[in-house]
Each structure stands twice: as C-alpha cells, then as structure tokens.
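Undergrad: no sequence on hand, only this structure:
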C-alpha cells in the first residue's frame, strides 16, 4: 500500500473506488517544454520575461530561457528552452480534460540556477498548485535537471483546472536576506500530467475537507 497525505482538495469530501483501465480522454499541457516563444539566435540574451501567446501565463519575475543564455541553465531535458521562476515569479496554464474519479499527478523536471545569489546559500523554492490547492513544494537539489512529481490527486468534477508554479524563495526569506540576495532562480521543463495508478490497480481515494486527508493507492493482490 502506498499512502500520500496532503491538504484537502477543493474543500470537498468524496470517496471514489474504481478499477482501471478506464476511458480517459487525451490531455495536453500546451507548450510543456517551453519551446515557444522561439528564442534561438539571441545568444546570451536568449531569455524573455513574461512572454505571451505561449500557452502559459507568466507573472512577476518569470519567463522562458534558452540553452546558453545569461541565466546559465543546464541543458534543457526536453528541447532547448526552459521556464524560470526568479524570486516570486509564477507561471500557470488552464488545463482541460480532467475527469472526476481519475487520480492524477503532475511530473516535471527542475534545476537550480548555477549563479543563484550568495554563492548558492539560498536555493530557490517553489510551490505547485491546482487551482488554489497546494499539490507540492520543492527545492531542486542541484543545477542539473532531475525529475519531480506532485502528490496524487483527484478532482471533484470533470472540466478544466489551472496548474500553477509559484516561486517562494523561502530560504532567502527565512534568512532575512535583502536586495540582490533575493535574486534566486529555479528552472522547470518537461511538464506532464500523469494518470495513476497503473492499469488494473484498485484505487480508493479519500479527498476531503478534513486537514490531512489521505489518499490510498492499493494494488490488488494477484
């Protein structure tokens, strides 16, 4: 048995039991590897704050950077560009096709900036939300990209929900840092929506208005 404990999702209590496989509509996270806008040919200046028309909405100190730019990101694991969250920078996308009774997680790759302030004393941190509900908090462990996953979650009704990455810069804030010491950046790439568990598993989801509600993923014994 695998057990995940997390905050209540959408303030609604429901119990869902299902056997997979089920019919699940194809879902796409637009521009999931942040290849739009195309920043090729710009050399060290191949980055853009708050680009538009890229599937994502970028706010504050966030945007897209290309391999070899002044942001000095490690090579993108998917394509040639990545998203960045600098300080409290955030980016989000409304994702359609969620189905009630299906359990999901969001998977992605992330890394720290090589030149984070104060000799990397303050690695960037960020949260991931679905609508207003926290589904994960992260501090990438190094400057090379590694894979991460949110907790498993279900939605109360089929439809569209907003996926959001929000920079928190918690290490610098906790240390009382000011000025340029708040200039810390994490990179995100290869964002995917994953359906869990594997086909043939029995899922019992307890998602509720009670803090610390528990999601149980239980495989049937063969």
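TA: Structure received. Since this is a predicted model, take the numbers as computed values, not measurements.
Undergrad: and the helices in the chain?
TA: Ranges of helices within the chain are 117-120, 170-174, based on DSSP state H.
Undergrad: the longest strand along the chain: partners in the sheet, and parallel or antiparallel?
TA: Longest strand in the chain by number of residues (criterion: DSSP state E): strand 185-196. Looking at strand 185-196 with DSSP bridges, its partner strands are strand 81-86 (antiparallel), strand 103-112 (antiparallel).
Undergrad: residue 173: which of those is closest?
TA: Closest approach to residue 173 among these (CB to CB): strand 81-86, 14.0 Å. No exception for glycine: its C-beta is placed from N, CA and C like everyone else's.
Undergrad: what about that closest one, distance to the chain center?
TA: Centroid separation for strand 81-86 versus its chain: 12 Å, with CA atoms, centre = their mean, to the nearest Å.
Undergrad: name the residues that touch that strand?
TA: Under the contact criterion CB atoms under 8 Å, 6 or more residues apart in numbering, strand 81-86 has outside partners 33-35, 39, 47, 56, 58, 61-67, 71, 73, 76, 91, 113, 124, 126, 165-167, 183-189.
Undergrad: in the chain, which residue is most central in space?
TA: Geometric centre of the chain, nearest residue: residue 128, 4.9 Å, by CA atoms, centre = their mean.
Undergrad: dump the residue contacts of the closest residue in space to that one that isn't next to it in sequence.
TA: Excluding the flanking residues, the one nearest residue 128 by CB to CB, 6 or more residues apart in numbering is residue 136, at 4.3 Å. Under the criterion of CB under 8 Å, 6+ apart, the neighbours of residue 136 are 106, 127, 128, 148, 149, 150, 151.
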